[in-house]
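1. With the input below, show me the fold.
(one chain, ligands or ions: 2)
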Amino acid sequence: MTRARAAFVDRDGVLNDLVYNVEEGRVLSPFSVREMRVFPYVPETVRRLRDDLGFKVIVISNQPGVAKRQFTLAELGKMNAKLRREVVRGGASLDGEYYCLHHPNALIKKYRLDCDCRKPKPGLLLRAAKEHGIDMASSYFMGDSLLDIKAGKRAGCKTVFVGHLTSLMAKVMESEDAVPDYVIASLKEAPWLLSELGANPRPKTVRGRTAPAGRSGRRTVRTQGRASAPRVAVKGRRTASSQPVWTICSGSLSSPSAVRTSGG
Ligand SMILES: [Mg+2]
Ligand SMILES: [Zn+2]
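-> Ligands and ions are numbered 1, 2, ... in the order given. A predicted model of the protein is given here:
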């Protein structure tokens with residue numbers, strides 16, 4: 001079976017804007033659904049990555065805010081639902097969403113864990129890859145922090161830094177051995193980048209791999225009718241509403257206690 005390719009995306013700063021927190025005097029992730037502002041180009045970008053280029057689009061995000069009592073799990077659910085709603089309204093959908101809620105210094109005990117899924121560790125990526133049948137070498141991780149680039153590299157993806165790379169950041173990346181493969185200013189440029197890199201539309205890729213050279217046309221026709229024929233050339237795409245779930249990490253990749261929460 002042909003394995004799928006993924007465009008893994010970080011959430012905060014990539015799909016939605018960061019927020020200037022007056023009390024803390026710095027830029028942070030949104031703490032409420034009211035602060036959750038999805039970038040206007042995201043739905044169309046996701047649609048192009050999926051429909052035009054054949055990538056699965058999967059969110060991989062650290063969300064330690066619940067553990068730090070910055071917002072509740074219910075509020076996180078509302079923020080994620082808003083993200084999904086806006087993407088679906090734009091005619092696209094997300095293939096998966098994976099969130100790590102842990103933090104080593106969590107205020108809430110059950111989230112106080114040095115888990116293997118919190119980026120820069122690759123656990124969430126590896127789990128998503130396993131569950132979605134992803135080939136890492138032909139996949140990309142796109143994020144706006146050093147943690148994203150590190151996690152992507154450890155998982156074996158190509159990495160894309162999203163944002164404006166300062167010289168300081170570039171130096172840190174070099175010293176931490178986390179230099180991204182590519183840099184784009186915003187996710188809006190991702191479809192362009194991936195198509196420039198030769199990520200062909202899905203049907204072409206599938207046929208290119210499965211049709212051996214030198215076979216006659218007749219042979220091709222016959223194989224297409226057989227059960228073992230490459231049916232991967234996905235025609236009936238699942239609808240947006242068939243995947244309304246977000247997945248919370250369980251602390252370890254092998255743990256069976258993974259929580260799957262229905263969205264909305
Ligand atoms: Mg981010
Ligand atoms: Zn975790």
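2. Near L126, how many residues? Count them for me, please.
-> Here the count is done by other C-beta atoms under 10 Å, and L126 has 19 residues near it. In short, each C-beta sits where N, CA and C put it, glycine included.
3. Could you verify my assumption that it touches A155?
-> Yes: applying C-beta atoms under 8 Å, one finds L126 in contact with A155, separated by 5.9 Å.
4. which stretches of the stretch 101-250 of the chain form strands?
-> 140-143, 158-162, 182-184, 245-248 (DSSP state E, counting those that start in this stretch).
5. What residue in the stretch 101-250 of the chain comes nearest to ligand 1?
-> Closest residue of the stretch 101-250 of the chain to ligand 1, C-beta to the ion: D144 (4.4 Å).
6. Deepest in the core, which of the strands of the stretch 101-250 of the chain is it.
-> Mean neighbour counts were compared across the strands of the stretch 101-250 of the chain using mean count of other C-beta atoms under 10 Å; the top stretch is strand 140-143, at a mean of 28.
7. Helices along the stretch 51-200 of the chain, start to end?
-> In the stretch 51-200 of the chain, the helices defined using DSSP state H, counting those that start in this stretch lie at 73-89, 123-132, 146-155, 167-175, 190-196.
8. and these, which is most packed in?
-> helix 146-155 (a mean of 23).
9. which residues pair with V38 across the strands?
-> According to DSSP bridges, the partner residues bridging V38 are N16.
10. Show the contacting residues for it.
-> 15-16, 82-83, 86-87 (C-beta atoms under 8 Å, 6 or more residues apart in numbering).
11. switch the cut-off to 6 Å
-> V38 makes contacts with 16, 83, 86, as judged by C-beta atoms under 6 Å, 6 or more residues apart in numbering.
12. P180 versus that one, what's the distance?
-> 23 Å (C-beta to C-beta, to the nearest Å).
13. what do you get for I60?
-> Distance from I60 to P180, by C-beta to C-beta: 15 Å.
14. Same question for D114.
-> With C-beta to C-beta as the criterion, D114 and P180 are 25 Å apart.
15. do V33 as well
-> 31 Å.
16. And I248, by the same measure?
-> 27 Å.
17. One more: K130?
-> 24 Å.
18. picking that back up, to K56, which of the helices of the stretch 51-200 of the chain lies closest?
-> K56 lies closest, by C-beta to C-beta, to one member of the helices of the stretch 51-200 of the chain: helix 123-132, at 5.7 Å.
19. So which residues lie in contact with the closest one, not counting its own?
-> 56, 58, 60, 96, 98, 100, 116-117, 136, 155, 249, 253.
20. can you pick the most crowded of these?
-> I60 (29 neighbours).
21. What separation is there between that one and G25?
-> Applying C-beta to C-beta to I60 and G25 gives a distance of 28 Å.
22. Kindly report the same for A4.
-> A4 is 43 Å from G25, by C-beta to C-beta.
23. neighbour-wise, which of those two wins?
-> Counted by other C-beta under 10 Å, A4 and G25 do not tie: A4 has more neighbours, with 20 against 7.
24. still on that earlier bit, just checking: which of the contacts of helix 123-132 also lie near ligand 2?
-> 100, 117, 249 (C-beta under 5 Å from the ion).
25. Pull up the residues of this protein that are close to ligand 1.
-> So the chain meets ligand 1 at 10, 12-13, 144 (C-beta under 5 Å from the ion).
26. what is N62 paired to in the beta sheet?
-> Beta-bridge partners, per DSSP bridges, of N62: C100.
27. where does the stretch 101-250 of the chain come near ligand 2, residue by residue?
-> Going by C-beta under 5 Å from the ion, the residues of the stretch 101-250 of the chain near ligand 2 are 102, 115, 117-118, 249.
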